[in-house]
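Chemist: build me a model:
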Amino acid sequence: MREERTVAALRRVLGLTMIVAGIGSAAVQLAKGGATAPLAQTSPAAVQAAEAPRIENARLETRAAGTSLDATFRGIAATAEKSEWVGYRVDEVAGERGVCCNNNWNDGNCGTCRLERENSEASGTSHADGNLKLEGSRQLVVLYRLEGKQVVKIRVASDDCTLDAGGLPFVWLTGVKASESVALLATYARDSNFEDRGDRGTGNGALTAIALHADASADRALESFVMPEQREELRRQTAFWMGAARGSAGLLALQHMAKTDPSSDVRAHVAFALSVSHEAAALDEMIRMAHDDASSHVRGQALFWLAQKAGKKAVGTITGAIANDPDTDVKKKAVFALSQLPKEEGVPKLIEVAQNNRNAEVRKQAMFWLGQSNDPRALQFFEKVLTQ
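Modeler: Numbers count the residues shown, from 1 in each chain. Next up, the predicted model:
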């Protein structure tokens, strides 16, 4: 199931709440059109003076973003015949982890992210030392890989990472406004090829970057991505980030989507997004969806993700669906949801369903999942049934 794979990725990515690299050493300021800098590193003091993170193995140029990030960035892209990187930093949304190498959240220092190795599908992170940071970085590095005058990748990282640019030119932009960054990224998120290349596409990278901006403009952009006229995949992926990273503002948007999105597939993904939210009211909305959504598919998905949350409120909703939902398929999904609960809660409930439910298909489903549990209580139940 795609959502289950996403959960596994999320736990790597969020440790729960993805992303490319950041921070290093070489810093040589060049005038535009000047001689290229050697790969030799310059002092950390020079890097800090230029507001750059630690960048290694790069021909580094620092420029001011000026009065328009969009104009400055597109001017750089217009001359980028060969591969190069462009980056800047903005405030990062509050969270429990730092973003390391685009796809991993890390409790401590990120280490070195090798951008070009990552670009060739062989990503790796090495850790320079064992010192752990007690609080995650609050600065986000946004990275664009240019080639043939076009953006071919968008990545992000916390600024406690070291970026290894693989010997390519690297333009570091200073003085970037968060709202202008969101506006630039939104043009790629809305692009018609959003679905291309999945998680490695520019659209998905832009969406990730927007979601991690600590700025109200990010919430407004995300809300615009989930309007009914937007493509379903964009709405689905945006819903995930609203739950994973956007707190109370994200929850409000998800509650609206759960009631109004015309696609049952999107609403089912909203149930998943609610399951990764830290907002207390997210559970209430999942319960409402499990009870009231018109689609049996959505009700079943809401039950599944409720089981991952567990808790007494979730158990009551799951057992209520087994007893009262008019759709047998939803009842069977609710039985499966019981199998996902901690055994102390799930096994007794499965035995109760197997003994007492009036629907033969539901009883059969409960027996099946009891057989998969490897629990001594299930064995005792089977012995009792077989010896009667």
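Chemist: can you show me the CA trace of stretch 230-248 as CSV?
Modeler: Output of stretch 230-248 as CSV, limited to C-alpha atoms (Å, rounded to 0.1, in the frame of the first residue of the first chain):
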residue,chain,number,x,y,z
GLN,A,230,-5.9,21.3,-8.7
ARG,A,231,-4.6,17.9,-9.8
GLU,A,232,-5.4,15.0,-7.5
GLU,A,233,-1.8,14.0,-6.9
LEU,A,234,-0.9,17.5,-5.8
ARG,A,235,-3.9,17.6,-3.4
ARG,A,236,-2.9,14.2,-2.0
GLN,A,237,0.8,15.1,-1.4
THR,A,238,-0.1,18.5,0.0
ALA,A,239,-2.5,16.9,2.5
PHE,A,240,0.4,14.8,3.8
TRP,A,241,2.5,17.8,4.4
MET,A,242,-0.3,19.7,6.1
GLY,A,243,-0.5,16.9,8.6
ALA,A,244,3.2,16.3,9.0
ALA,A,245,4.5,19.9,9.2
ARG,A,246,1.8,22.6,9.4
GLY,A,247,0.3,22.2,12.9
SER,A,248,-3.0,23.9,13.6
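Chemist: need the phi and psi values for the nearest residue to Gly87 once chain neighbours are set aside.
Modeler: Spatially, and ignoring its direct neighbours in sequence, Gly87 is nearest to Leu143 (4.6 Å; CB to CB, 6 or more residues apart in numbering). Glycine gets a C-beta too; all of them are placed from N, C-alpha and C. Main-chain dihedrals, Leu143, degrees, to the nearest 10: phi -130, psi 140.
Chemist: look up how far Val99 lies from Leu143.
Modeler: Going from Leu143 to Val99 by CB to CB, to the nearest Å gives 11 Å.
Chemist: now for these two: what residues contact both?
Modeler: Val156, Ala157 (CB atoms under 8 Å, 6 or more residues apart in numbering).
Chemist: neighbour count winner among those two?
Modeler: Val99 (35 against 26; other CB atoms under 10 Å).
Chemist: all strands for the protein, in order.
Modeler: All strands of the chain, identified by DSSP state E, fall at 54-56, 59-64, 84-91, 98-100, 104-106, 111-114, 125-126, 139-147, 150-158, 161-164, 169-174.
Chemist: export the ones you listed to a markdown table and tack on mean pLDDT and distance to Arg246?
Modeler: Formatted as a markdown table, those follow (pLDDT from 0 to 100; distance: least, CB to CB, whole Å):
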| stretch | mean pLDDT | distance to Arg246 |
| --- | --- | --- |
| strand 54-56 | 90 | 29 |
| strand 59-64 | 94 | 30 |
| strand 84-91 | 96 | 14 |
| strand 98-100 | 68 | 15 |
| strand 104-106 | 45 | 16 |
| strand 111-114 | 80 | 25 |
| strand 125-126 | 36 | 26 |
| strand 139-147 | 94 | 14 |
| strand 150-158 | 91 | 15 |
| strand 161-164 | 89 | 23 |
| strand 169-174 | 96 | 25 |
